[in-house]
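Asks: sequence-free structure coming up:
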């Protein structure tokens, strides 16, 4: 028997597998990588030796309005480590700088005060100016031009009016942007809803280059880079995390060059060769990324890349925050024929994208390949509404999976952290 621990919420779920059935465990080499120093030192060294840029303290000189874009509550960015160092570096160069921390919510709900305190600590929340971006707050948006895709690019006015725009973040494989981090702080992070919808159109989501770990010729990435450069994002501090959400690598400097240094590092560690399987068990890496069903689709794409056609994906995601999006839930709940709905999406032009359409499109693509059994704390009826089969343990899920496949002798692949690997 082989026992595997799967991240789930703020804990883990363990299961012992029959090794005659468990044919592979897909993980990245990140867990084997040992950084040469602790997280604070990694970030400090990156800030002091930026890639393709002057130091942040130099960039801050004579700048009145400095805006730091920070990720929201759905991202495990170690802001308690990064933000104090960025603030210190900026003030070392310009003690009089007016600094605003702009929370990049994209199209997510607003971050609560409690979540801000959890993210930054009480001192920063009490003493710094923090503004939470709202993609529908029209009076806070300004048009900065037309994206390569043809969509209008609107960003938060606070960022647009900054004398110096910088960002914190983390880099991980991303299921259609290739990788997170860097340029994503602007688009979708602080963009208007119309801009996000144009960038996440069905044509781009369906593009074979819009996949995990791919940046070259990725149309979604191309839009994002353009938006970051047009917004004049001058400096980033990004980290790479292990499964414990601990930084093992840090990069800082130019938004393109420093980001590439991070993605190159990650690419060398997180590739995994697909092993065809009847059943694939995966996760969204635990909290905070498995708070809802919407986010959990990301982890499912890793399983999609290795499960056999008409196989079963078992997805473990606590989903204590529910579905994660009303548009996403309603679209899936109202769908009776998934292929018909998929064609509806594909027939839409770039500027006709509906809210959360991209996630529904990817989810439909997964459901067209495999049945999904969803192990979560979400209500069973909601899980069923979203065309999945509810379960409350791996044991129960495996029993249901074998019944679906109508066989007991199955091949199983485990992906303990579905968002940390690039399955090829």
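Replies: Cool, got the structure. All figures in this text were calculated on a predicted structure; none of them were measured in a lab.
Asks: the closest residue to residue 277 other than its chain neighbours in helix, strand or coil?
Replies: Distance criterion C-beta to C-beta, 6 or more residues apart in numbering; nearest residue to residue 277, sequence neighbours excluded, is residue 413 at 3.9 Å. Bear in mind the C-beta positions are built from the backbone N, C-alpha and C, glycine included. Recorded secondary structure, residue 413: strand (DSSP: H, G, I helix; E, B strand; the rest coil).
Asks: what is the burial count for residue 413?
Replies: By the criterion of other C-beta atoms under 10 Å, residue 413 has 26 neighbours.
Asks: and residue 294, by the same measure?
Replies: Residue 294 - counted by other C-beta under 10 Å - has 23 other residues nearby.
Asks: need the contact list for the nearest residue to it once chain neighbours are set aside.
Replies: The shortest distance from residue 294 to any non-neighbouring residue, by C-beta to C-beta, 6+ apart, is to residue 324 (2.9 Å). Residue 324 makes contacts with 291-295, as judged by C-beta atoms under 8 Å, 6 or more residues apart in numbering.
Asks: compare the residues you listed and tell me which has the most neighbours.
Replies: residue 293 (28 neighbours).
Asks: distance of that residue from residue 384?
Replies: Between residue 293 and residue 384 the computed distance is 12 Å (C-beta to C-beta, to the nearest Å).
Asks: just the pLDDT at residue 354, thanks.
Replies: At residue 354, the model reports a pLDDT of 88.
Asks: wait, residue 351
Replies: At residue 351, pLDDT is 81.
Asks: from here on, count from 21
Replies: That works, and once the first residue is 21, the last one we named lands at residue 371.
Asks: count the neighbours of it for me.
Replies: Residue 371 has 13 nearby residues by other C-beta under 10 Å.
Asks: you'd agree it is up against residue 169?
Replies: No: counting by C-beta atoms under 8 Å, residue 371 stays clear of residue 169, with 9.2 Å between them.
Asks: residue 74 belongs to a strand?
Replies: No: using three-state DSSP, the assignment for residue 74 is coil, not a strand.
Asks: what backbone torsions are found at it?
Replies: In terms of degrees, to the nearest 10, the main-chain angles of residue 74 are phi -70, psi 170.
Asks: ok, it - contacts?
Replies: Neighbours of residue 74 in contact, by C-beta under 8 Å, 6+ apart: none.
Asks: please tell me how far it sits from residue 254.
Replies: With C-beta to C-beta as the criterion, residue 74 and residue 254 are 9 Å apart.
Asks: repeat that for residue 193.
Replies: Residue 193 is 26 Å from residue 254, by C-beta to C-beta.
Asks: just to revisit the earlier point, partner residues bridging the residue nearest to residue 297?
Replies: Note on residue 433: beta-bridge partners residue 44, residue 300, judged by DSSP bridges.
Asks: ok, now how distant is it from residue 409?
Replies: 19 Å.
Asks: residue 193 and residue 254: which has the busier surroundings?
Replies: Neighbour totals were compared for residue 193 and residue 254, and residue 193 leads with 27 against 22 (other C-beta under 10 Å).
Asks: rewinding a little: who touches both of residue 371 and residue 169?
Replies: In contact with both residue 371 and residue 169: 218, 221, using C-beta under 8 Å, 6+ apart.
Asks: buried ones in stretch 253-270?
Replies: Neighbour counts using 16 or more other C-beta atoms under 10 Å place 253-263, 265, 267-270 of stretch 253-270 among the buried residues.
Asks: pLDDT score assigned to the nearest residue to residue 370 once chain neighbours are set aside?
Replies: Excluding the flanking residues, the one nearest residue 370 by C-beta to C-beta, 6+ apart is residue 221, at 4.1 Å. Looking at residue 221, its pLDDT is 93.
Asks: count the residues that sit near residue 221.
Replies: Residues lying near residue 221 (other C-beta under 10 Å) number 26.
Asks: before we move on, back to that, restricted to strands, list the buried residues of stretch 253-270.
Replies: 253-261, 267-270 (DSSP state E).
Asks: that's all I had, so thanks and see you.
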